[in-house]
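Participant: When you get a sec, could you give me coordinates for this:
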Amino acid sequence: MKGVTAFALFCEDIRREGAGKDTLIGIMPDTLQVAAFPGALRRVAVYFRIRIDVGGKYRNPIRVDLEVPDLDDVEMAHQGSNTIPQEVIDRSLARAKERGLPCANIVGRMRLSEPVTIPSARTFLAVLKYGNERYVCGSLNIEERLKSSSTASPSHSEQSPPAAPAS
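Facilitator: Got it, this is the predicted structure:
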């Protein structure tokens, strides 16, 4: 995808702070394990940054979509379209050029409607789309935790050797 790249992070929540800052809460690993299927994800948000080279002309729509193969009913609870408005692209490029930067950055956020039911193992994809091109900029794999893999810490007796007898 010439001149347009992006990355996306899956997290539990995105909090809007003062002065245009965002706080990402609970950034998820690439693979999230659930106890059993069907399962549900209570809170999922996607934070993404799109990078656009200042030397290019961008007249095709630029958007980020969330795709979950074989799961049609994932709903987004965000406002407006996933398409970046042309005026935002133009304004970002002009600002980057004024500052002598090689690229402009555009930040976006999406939130899934709660809860998201997951019937079986799935992969959530954050996909950057520009014209007819697609670029996966983030993914979240959902899989079942193996019954034998414990997340608990070893018991105290396994962590420390037995105390020496008192003399």
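
Participant: only C-alpha atoms for contact and neighbour calcs from this point on.
Facilitator: Will do.

Participant: quick one: the strands in the protein?
Facilitator: In order along the chain, the chain carries the following strands (DSSP state E): 4-11, 13-16, 22-25, 31-34, 39-41, 45-53, 62-67, 83-84, 103-111, 116-118, 122-130, 133-144.

Participant: Quick one: closest of these to S92.
Facilitator: Nearest of the strands of the chain to S92, taken as CA to CA: strand 103-111 at 5.6 Å.

Participant: Can you tell me the closest non-neighbouring residue to D13?
Facilitator: Leaving aside its sequence neighbours, D13 sits nearest to I25 (CA to CA, 6 or more residues apart in numbering; 5.1 Å).

Participant: burial count for the one you found?
Facilitator: I25 has 13 neighbours, counted by other CA atoms under 10 Å.

Participant: Name the single longest helix found in this structure.
Facilitator: The single longest helix within the chain, with elements called by DSSP state H, is helix 86-98.

Participant: That helix - contacts with which helices or strands?
Facilitator: strand 103-111 (3 or more CA pairs under 8 Å, 6 or more residues apart in numbering; DSSP states H and E).

Participant: Now with 10 Å, please.
Facilitator: Applying 3 or more CA pairs under 10 Å, 6 or more residues apart in numbering; DSSP states H and E, one finds that helix 86-98 contacts strand 45-53, strand 103-111.

Participant: and the last one, which strands flank it?
Facilitator: Put plainly, it is strand 103-111. Take DSSP bridges as the rule and strand 103-111 pairs in its sheet with strand 45-53 (antiparallel).

Participant: and the angle from the partner strand to strand 122-130?
Facilitator: Calculated by axes from the mean of the first three to the mean of the last three CA atoms, to 10 degrees, strand 45-53 forms an angle of 30 degrees with strand 122-130.

Participant: For V46, list each beta-bridge partner.
Facilitator: Taking DSSP bridges as the rule, V46 bridges to F10, M110.

Participant: Identify the residues contacting it.
Facilitator: Going by CA atoms under 10 Å, 6 or more residues apart in numbering, V46 touches 8-14, 24, 27, 66, 108-112, 126, 138-139.

Participant: at 6 Å what do you get?
Facilitator: Going by CA atoms under 6 Å, 6 or more residues apart in numbering, V46 touches 9-10, 109-110.

Participant: A126 - how many residues pack around it?
Facilitator: For A126, the neighbour count with other CA under 10 Å is 26.

Participant: cool, F37 as well?
Facilitator: Around F37 there are 15 residues (other CA under 10 Å).

Participant: That one and T117: what is the separation?
Facilitator: For F37, the distance to T117 (CA to CA, to the nearest Å) stands at 9 Å.
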